[in-house]
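>>> this one's sequence-less:
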C-alpha cells in the first residue's frame, strides 16, 4: 500500500480481530481509519432525540479530492474543536461516528467491511465502494449554517 497516506505496513495481519480496540497501539489504531472522510463532515444533532445526521458540508480544512485533512498535523490551530478519536474517548463520541467507520464498528462489536483498506490491501477500495466523500462535499464557508439541513445525506452501508 505504498500510495496510502495512512501507515499500514509492518502491522500484524488482522490485528483488529485478535486484540480489543482498547489494547491497540497507536500505529494499529491509526491504521483503522479507512480514509472515507465522513468524520470531517459537519453534523446536525436533533436536540430532542439525539439523532445525528451527516451533511455534505465539510470542515474548512477537508480536501474532498483526497478525503484528507489539508492541515492534519496542525489542524487544531485552525479547528480547535476537531476531535482526536482514541480508544479512551470512543465511548463518548461513538454516537456521531459514521456507521461504516472502523472505529465505530470495532467499538460496537462488528466486523470491518471487505472494502476496508486493511482487508482489501488498497486505500482506493473505500472510494471504489462508494463509501467515501470523494468529490461529494461542499465547503462550510460556502453554506450558511441555517442551510446545512438542505445538505443532509444518507449514509451508505
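That came in fine, so what should we check first? Note that this is a predicted model, so its numbers are computed, not measured.

>>> quick one: the strands in the chain?
Counting by DSSP state E, residue ranges of the strands within the chain are 41-45, 52-58, 62-63, 68-69, 138-139.

>>> now mean pLDDT and distance to residue 35 too, for those, in TSV please.
To be clear about C-beta, it is placed using only N, CA and C from the backbone, and glycine gets the same treatment. Output for the strands of the chain, formatted as TSV (pLDDT from 0 to 100; distance: least, C-beta to C-beta, whole Å):
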stretch	mean pLDDT	distance to residue 35
strand 41-45	95	14
strand 52-58	95	14
strand 62-63	95	12
strand 68-69	92	7
strand 138-139	95	19
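
>>> tell me where the protein has helices.
15-18, 26-31, 75-78, 90-93, 102-107, 117-120, 125-128 (DSSP state H).

>>> neighbours of residue 87, how many?
Using other C-beta atoms under 10 Å, the number of residues around residue 87 comes to 18.

>>> cool, and residue 149?
Neighbourhood size, residue 149 [other C-beta under 10 Å]: 11.

>>> got a list of what it touches?
Residue 149 makes contacts with 44, 53, 55, as judged by C-beta atoms under 8 Å, 6 or more residues apart in numbering.
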